[in-house]
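Chemist: Dropping the sequence and predicted coords here.
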Amino acid sequence: MTNRGVAEALLRTKRFSSNAAPSAAAVTPMKVLGVNAVFHDPAAAVIVDGVTVAAAEEERFSRRKHGKSPVAFSTWELPEQAMAWCLAEAGLDPHELDAVAYSYDPDLAFQPEDDITDADWEGLRTLYVRRAPRFLQTALPGLDPACVRWVAHHVAHAASASFASGFDPCSVLVLDGRGERASQLAGRHAGGALEILAAQRLPHSLGLLYEELTAHLGFRRSSDEYKVMAMASYAAPEFLDAFRGLVRADGEGGFRVGDVDLGAFAPPLAPGAEFTPRHAALAATVQVRLEEVLLDLAGWLHERTRDRDLVMAGGVALNCVANSRLWRESPFERIWVQPASGDSGTALGAALHVAHELGDEVAPMRTAALGRGWDDAALAARLETAGVAFERPRDVADAVAEALAANQIVAWFQGRSEFGPRALGHRSLLADPRTAANLERMNDIKGREQFRPVAPMVLAERAPAIFDGGPFPSPFMLFTHRVKPGWAERIPAVVHVDGTARIQTVDRREEPLMARCLERFEARTGVPVIVNTSLNTAGRPIVDDPRDALECFGSSPVDVLAIGPFVVRRAGVAAAPARRAA
């Protein structure tokens, strides 16, 4: 099947295509459960009457990073705990669902014949997917398996960006490792319909190339690609001429990836080994070539759509350095990236897609805080059960600002947990950005490599005075910005080696508690920026419930835990003395 054939297959299959007309008979609120279970990051989401009620990744419940291994043998595993919680949060029983949207189409995938071991067990994967309705019925007693709808993997990615962004019309670009038989989709979303303009057939895949590089550099594929992105800042793209011949756009909305021998440029690294300048140069080369090809693809797409806006999803869209270059150099005026761009986001996208097909008017995604949360009474009960001493300050935001100004490290557990890989001020580790040593300190606490940066949170209205080179607002930490002259010296802990920072802007209307913390920190220090990194340690998912937070706090050298309105201080850590900026 050619690239054109892949795109035409998606368009022909009406039950998977956004071109299916909404049902005029839909007069009652539709209830749709979205499920991602095929590769990695299994997740669930619930849409009721077009509104996203809940979305969560299985790893947050199972405490297994990425939920499972991305191999054919794991395809049968469902996000059972995430599904159950999403339904409970929506107040639904399985029999009340109008549809279950499953983000993979077995008809588009490798078809097994006599030997299911063919193509690295792809036949087994397809068999498991075809049996998913029965697996779902077993996991969700009362569910009618006939309500399960297949949604093509890249169509689900596309829906997760187009519907969630609220942009209509907009151009859509999806890139990841792979779907059923493709690794990329380019199209246009208008009036709720997706017109697919190009799709790149496997084995050509920018996402898989980056995965191969990740493994070559001693990291875990489908997990540690962001480490490669960080390493790329430590060298120039020394091998770019060679890679421009190996990896190139094809002029038809797709691309070609040649036979790349990564070992010819730098030897493979063992896990945990120190990288050399050649390894950094290889990382920089692949990163820059990825950016260049993305610019070619975006330019091709814009020539055909002339849209103002571009939305993106797929694992490649989590590359914030590439996103920023697209924002600066592509012909699009605005770029919106799904904060759960990896495969977990296909659970949300599949649900949004099917809800639209059923006739619902789908609401945009205004926040990533779609996971579990606890009220004050439940948090107090957890703290009392744990037997830890805690206090309830008059204003927890001010108490945390005071601790940060005294250079204490704070674990911040507030509201509902985030959907996606970024901690966005709900499950975070916070620190003072004015002390350069806090970068090393935070990496030590988390048990991760010292070349990796930490990110700044900043009040949205203050961000343009401190950062440039990227879009504002930037609430999901998906773009990098240059730190303006005069500020790098004031906030050294959050400035990467290349002079950039992956910022998160905080809107006081959306996040009043964190905004107040930033305001109180600035009142004490004169700096409206706080270090923010995810509340977890290396190899573990971001903490999700109070028990996770207490375990992380108890096992790492964190000074203060701010959990809801309560504060827990490590033994020997006193409340910081109040002080204000001169």
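Modeler: Perfect, thanks for sending it.

Chemist: What is the longest helix of this protein by residue count?
Modeler: In the chain, taking DSSP state H as the definition, the longest helix is helix 277-305.

Chemist: Not counting residues beside it along the chain, what's closest to the spatially most central residue of the chain?
Modeler: The residue lying closest to the centre of the chain (C-alpha atoms, centre = their mean) is Ala340, at 3.4 Å. Counting by C-beta to C-beta, 6 or more residues apart in numbering, Ala340 lies nearest to Gly420, which is 3.4 Å off, once chain neighbours are set aside. From N, CA and C alone the C-beta is placed, and that goes for glycine too.

Chemist: now Glu58
Modeler: Closest residue in space to Glu58, ignoring its immediate chain neighbours: Pro79 at 3.8 Å, by C-beta to C-beta, 6+ apart.

Chemist: what's the answer for Leu140, then?
Modeler: Counting by C-beta to C-beta, 6+ apart, Pro94 is the residue found nearest to Leu140 once chain neighbours are left out, at 3.9 Å.

Chemist: tell me the contacts of the one you found?
Modeler: Taking C-beta atoms under 8 Å, 6 or more residues apart in numbering as the definition of contact, the neighbours of Pro94 are Leu87, Leu140, Pro141, Gly142, Leu143.

Chemist: ok now do the last one, which residues does it touch?
Modeler: Residues counted as contacts of Leu143 (C-beta under 8 Å, 6+ apart) are Pro94, His95, Leu97, Val100, Leu136, Gln137.

Chemist: now swap in the fourth one and tell me
Modeler: Contacts here follow C-beta under 8 Å, 6+ apart; on that basis Gly142 touches Asp93, Pro94, His95.

Chemist: could you dump these to JSON lines with secondary structure and distance to Ala54?
Modeler: Output for these, formatted as JSON lines (DSSP: H, G, I helix; E, B strand; the rest coil; distance: C-beta to C-beta, whole Å):
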{"residue": "Asp93", "secondary structure": "coil", "distance to Ala54": "15"}
{"residue": "Pro94", "secondary structure": "helix", "distance to Ala54": "15"}
{"residue": "His95", "secondary structure": "helix", "distance to Ala54": "18"}
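
Chemist: What's the separation between the residue nearest to Leu140 and Thr28?
Modeler: 18 Å (C-beta to C-beta, to the nearest Å).

Chemist: And the residue nearest to Leu140, what's its pLDDT?
Modeler: Among the per-residue scores, Pro94 holds a pLDDT of 98.

Chemist: Distance of it relative to Ile335?
Modeler: Remark: distance between Pro94 and Ile335 (C-beta to C-beta) = 38 Å.

Chemist: again, but for Glu440
Modeler: In this structure, Glu440 and Ile335 are separated by 33 Å, where distance is defined by C-beta to C-beta.

Chemist: Correct me if wrong: Met231 contacts Ala283.
Modeler: Yes. In terms of C-beta atoms under 8 Å, Met231 counts as a neighbour of Ala283; the distance is 4.4 Å.

Chemist: Now do the shared contacts for the two.
Modeler: Applying C-beta under 8 Å, 6+ apart, one finds that Met231 and Ala283 are jointly contacted by Leu217, Phe275.

Chemist: What residues does Gly349 make contact with?
Modeler: The contact partners of Gly349, taken as C-beta under 8 Å, 6+ apart, are 34, 103, 151, 155-161, 163-164, 313, 338.

Chemist: From those, which land in helices?
Modeler: Going by DSSP H, the helices hold Val155, Ala156, His157, Ala158, Ala159, Ser160, Ala161, Phe163, Ala164 from the contacts of Gly349.

Chemist: among these, which two are most distant?
Modeler: With distance counted by C-beta to C-beta, no two of those lie farther apart than Val155 and Ala164, which are 13.9 Å apart.

Chemist: So which of those two has more stuff around it?
Modeler: It is Val155, of Val155 and Ala164, that has more neighbours when counted by other C-beta atoms under 10 Å, with 30 against 25.

Chemist: so how far is Leu202 from the more buried one?
Modeler: Taking C-beta to C-beta as the criterion, Val155 is separated from Leu202 by 16 Å.

Chemist: again with Leu246
Modeler: Here the criterion is C-beta to C-beta. By it, Leu246 lies 17 Å from Leu202.

Chemist: do Ala571 as well
Modeler: Distance of Ala571 to Leu202, given as C-beta to C-beta: 55 Å.

Chemist: the more surrounded of the two?
Modeler: With neighbours defined as other C-beta under 10 Å, Ala571 and Leu202 compare such that Leu202 has more, 17 against 6.

Chemist: Looking at Met231 and Ala283, which is more packed in?
Modeler: Under the criterion of other C-beta under 10 Å, the comparison of Met231 against Ala283 puts Ala283 first, with 27 against 23.

Chemist: got the contact list for that one?
Modeler: Leu213, Leu217, Val228, Met229, Met231, Ala232, Tyr234, Ala235, Phe275 are the contacts of Ala283 under C-beta under 8 Å, 6+ apart.

Chemist: out of these, which one sits closest to Ala322?
Modeler: Met229 (8.3 Å).

Chemist: tally of neighbours for the closest one?
Modeler: 25.

Chemist: returning to what we had before: and the residue nearest to Glu58, what does it touch?
Modeler: For Pro79, the contacting residues are Val35, Asn36, Ala37, Pro42, Ala43, Ala44, Ala56, Glu57, Glu58, Gly67, Ala347, by C-beta under 8 Å, 6+ apart.

Chemist: Rebuild these as TSV, extending it with neighbour count and distance to Pro364.
Modeler: What follows is these, written out as TSV (neighbours: other C-beta atoms under 10 Å; distance: C-beta to C-beta, whole Å):
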residue	neighbour count	distance to Pro364
Val35	30	22
Asn36	34	20
Ala37	32	26
Pro42	27	25
Ala43	30	19
Ala44	29	20
Ala56	28	19
Glu57	33	21
Glu58	28	25
Gly67	27	27
Ala347	36	17
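
Chemist: Pipe the residues you listed into TSV and attach secondary structure and distance to Glu449 per row.
Modeler: Written out in TSV, the entries for the contacts of Pro79 read as follows (three-state DSSP; distance: C-beta to C-beta, whole Å):
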residue	secondary structure	distance to Glu449
Val35	strand	34
Asn36	strand	29
Ala37	coil	31
Pro42	coil	27
Ala43	strand	27
Ala44	strand	32
Ala56	strand	28
Glu57	strand	24
Glu58	coil	26
Gly67	coil	23
Ala347	helix	30
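
Chemist: And the furthest pair within the residues you listed?
Modeler: Farthest apart among those by C-beta to C-beta are Ala37 and Ala56. That separation is 13.6 Å.

Chemist: Check the contacts of Gly349 against Gly258 and report the nearest one.
Modeler: His157 (25.3 Å).

Chemist: right, and the closest one touches Leu348 too?
Modeler: No. Applying C-beta under 8 Å, one finds His157 not in contact with Leu348, separated by 10.0 Å.

Chemist: Can you tell me which helices and strands the host helix or strand of Leu561 packs against?
Modeler: With the criterion set as DSSP states H and E, the secondary-structure element containing Leu561 is strand 560-563. In terms of contacts (3 or more C-beta pairs under 8 Å, 6 or more residues apart in numbering; DSSP states H and E), strand 560-563 is packed against helix 396-405, strand 410-413, helix 546-555, strand 566-569.

Chemist: As TSV, those with distance to Pro169 and mean pLDDT would be great.
Modeler: As requested, the helices and strands packed on strand 560-563 are exported to TSV (distance: least, C-beta to C-beta, whole Å; pLDDT from 0 to 100):
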stretch	distance to Pro169	mean pLDDT
helix 396-405	40	98
strand 410-413	38	98
helix 546-555	41	94
strand 566-569	47	97
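
Chemist: Deepest-packed of these, please.
Modeler: Ranked by mean neighbour count, the helices and strands packed on strand 560-563 are led by strand 410-413 with a mean of 26 (mean count of other C-beta atoms under 10 Å).

Chemist: Quick check: can you name the pairing partners of it and their directions?
Modeler: Each strand that pairs with strand 410-413, with its direction, by DSSP bridges: strand 427-431 (antiparallel), strand 560-563 (parallel).

Chemist: Alright, I will stop here.
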